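S.K.: got a predicted model here, sequence first, then my questions.
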Amino acid sequence: MYRDIWLFSTTLSLPADLPSHTQRERESRAMFPLRIPILTMLVCLTVGQYYDYDYEPASQLGQSSANCAPECVCPIHFPTAMYCDSRNLKFVPTVPSGIKYLYLQNNQIKEIKAGVFDNVTADLRWLVLDQNQITSDKIAKGSIDKLTGLNKLFFSQNNLTEAVIPPSKSLDELKMMQNQLTKIPKGSFNGMKNLTSVDFQHNKLTTESLNGLFKNLNSLVSIDVTHNKLKKLPSGLPSSLEVFYADHNEITSIASGDLKELPKLAYLRLAYNKLTDASIPAGVFNVTNLMELDLSYNKLKSIPEVNEQLEHLYLQVNQINKFDLASICKFSGPLNYSRLKHLRLDGNNITHADLPDESSSCLRQASDIIFD
Ligand SMILES: *[C@@H]1O[C@H](CO)[C@@H](O)[C@H](O)[C@H]1NC(C)=O
Ligand SMILES: *[C@@H]1O[C@H](CO)[C@@H](O)[C@H](O)[C@H]1NC(C)=O
Ligand SMILES: *[C@@H]1O[C@H](CO)[C@@H](O)[C@H](O)[C@H]1NC(C)=O
Ligand SMILES: *[C@@H]1O[C@H](CO)[C@@H](O)[C@H](O)[C@H]1NC(C)=O
Ligand SMILES: *[C@@H]1O[C@H](CO)[C@@H](O)[C@H](O)[C@H]1NC(C)=O
Ligand SMILES: *[C@@H]1O[C@H](CO)[C@@H](O)[C@H](O)[C@H]1NC(C)=O
């Protein structure tokens, strides 16, 4: 539940209806990358669906313009968008020139044939393929590999085993949630200097499959690999990274250098992994920019050292049996105190009585310390 609390205290708005917005507004919204993961979760939690991009049912779109695939609708007042979603399509229609936004979600598409994008190779900006049954081997050469201008690729809830990444230096957002990915070709993201967010939740990726992939991508702020098969953090994460979510993996250890190379990391989630005290080097989480650290559902016996700047620390359901105040404040004084607001310790072997008397000075900002 704590996530809901945190989410709803974050200022954000759900996307407004698409046709009433100009492309410029839409693109400027996409420039607040931190809202992407927050929004994803919000939408998943509250609406229970995956349309976290602008979307309006085709029935409300009005008349179609002339330059449109017969199976689809291209609104006269938004003629660069082609809506082909939710109509039992088994194939991707040939996309006419002029189309920049293509919606194909919620169909029964199993393959993408060569040539369907030939008239929009440089122009297509958004490609939405969520909720289909596309397998990696049925994506023909001469389709996605020709899209050089794509900004957003949404390819969640399909049957991909190997990621197919378009060769677009303009790609800024990629979502391939809920596939069966085990492989991402090395070098897939090379030179994608504008890539800000990648989401591979619910796949079968290992640490090896991610090693080095994101190197030097200096716009990348958010990586979500929740529900995969990582055993440690991948190498070569870019120094721009602010959000790293890897809940529900098999992570057994963190290396002492891992977070030092991520000076901007603010949100780190490693819940439901296999971390123990011995597998966490001293001070590894004591990094100044970290605001939220989730280590719940691991096997920790003590509170790891964290920086005074940390605001949210989740340690519920571990095996913690003592309250080490020094892990949170090495020194306490008028200017030496923790910025911690929320601390969860429920599901451990510890009660309120274990809180040391001198903790009030250190934890003066804590509004919420939960023991059970
Ligand atoms: C694709 O472009 C060619 C050449 O401009 C044109 O003849 C053809 O009609 C276009 N096809 C579609 C589906 O727009
Ligand atoms: C895709 O995966 C779903 C669920 O696992 C399965 O029912 C379906 O048959 C698969 N489709 C293809 C084309 O592999
Ligand atoms: C990257 O983003 C910047 C700022 O939005 C833009 O000016 C630039 O053209 C983009 N680069 C590519 C390769 O799309
Ligand atoms: C965290 O690191 C700083 C130096 O960067 C150090 O002064 C401080 O004592 C450390 N905090 C804890 C709780 O170990
Ligand atoms: C924090 O406490 C240490 C040790 O007492 C002291 O050296 C340091 O100056 C203090 N820092 C601040 C900002 O008060
Ligand atoms: C829980 O803590 C109590 C007192 O601190 C201790 O006696 C007991 O052995 C601990 N239990 C476990 C399972 O660690």
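M.R.: Done, it's in. Numbers count the residues shown, from 1 in each chain. Ligands and ions are numbered 1, 2, ... in the order given.

S.K.: can you tell me the element the residue in the chain that ligand 3 sits nearest to falls in?
M.R.: Of all residues in the chain, Ser170 sits closest to ligand 3, at 3.2 Å by C-beta to the nearest ligand atom. The C-beta positions use only the backbone N, C-alpha and C, and glycine is treated the same way. Here Ser170 is covered by no helix or strand, with elements defined by DSSP states H and E.

S.K.: doesn't Leu153 make contact with it?
M.R.: No - using C-beta atoms under 8 Å, Ser170 is not in contact with Leu153, being 11.0 Å away.

S.K.: which residues do those two both contact?
M.R.: When contacts are counted by C-beta atoms under 8 Å, 6 or more residues apart in numbering, the set common to Ser170 and Leu153 is empty.

S.K.: pick out whichever of those two has more residues nearby.
M.R.: Per other C-beta atoms under 10 Å, whichever of Ser170 and Leu153 has more neighbours is Leu153, with 23 against 17.

S.K.: ok so the more buried one is a helix residue?
M.R.: No - using DSSP: H, G, I helix; E, B strand; the rest coil, the secondary structure at Leu153 is strand, not a helix.

S.K.: tell me the confidence at it?
M.R.: pLDDT, Leu153: 98.

S.K.: quickly find the element holding Gly191.
M.R.: Applying DSSP H and E, one finds Gly191 in no helix or strand.

S.K.: check contacts around it.
M.R.: Taking C-beta under 8 Å, 6+ apart, one finds Lys169 in contact with Gly191.

S.K.: try Ala122
M.R.: Thr148, Gly149.

S.K.: repeat for Asn321
M.R.: Lys301, Ser302, Asn348, Asn349, Ile350.

S.K.: pLDDT value on Ser65, please?
M.R.: Looking at Ser65, the pLDDT reads 72.

S.K.: the residue most central in space within the chain bridge partners, please.
M.R.: The centroid of the chain falls nearest to Asp224 when counting by C-alpha atoms, centre = their mean (3.6 Å). Judged by DSSP bridges, the bridge partners of Asp224 are Asp199, Tyr245.

S.K.: and it, how close does it get to Ser143?
M.R.: To Ser143, Asp224 is 26 Å away according to C-beta to C-beta, to the nearest Å.

S.K.: and the closest residue to Lys299 other than its chain neighbours, what does it touch?
M.R.: Nearest residue to Lys299 in three dimensions, chain neighbours excluded: Thr276, at 4.8 Å (C-beta to C-beta, 6 or more residues apart in numbering). Contact partners of Thr276, counting by C-beta under 8 Å, 6+ apart, are Thr252, Asn298, Lys299, Leu300, Lys301.

S.K.: so which of those comes closest to ligand 4?
M.R.: Leu300 (15.4 Å).

S.K.: thinking the closest one is in contact with Asn318, fair?
M.R.: Yes - between Leu300 and Asn318 there is a contact at 4.2 Å, judged by C-beta under 8 Å.

S.K.: neighbour count: those two, which is higher?
M.R.: Taking other C-beta under 10 Å, Leu300 and Asn318 do not tie; Asn318 has more neighbours (24 against 20).

S.K.: picking up where we left off before, which one of the contacts of Thr276 has the most neighbours?
M.R.: Sorting the contacts of Thr276 by how many neighbours each has (other C-beta under 10 Å) puts Asn298 first, at 22 neighbours.

S.K.: contacting residues around the closest residue to that residue other than its chain neighbours?
M.R.: Excluding the flanking residues, the one nearest Asn298 by C-beta to C-beta, 6+ apart is Leu275, at 4.1 Å. Contacts for Leu275 (C-beta under 8 Å, 6+ apart) come out as Ile251, Thr252, Ser253, Ile254, Leu295, Asn298, Lys299, Leu300.
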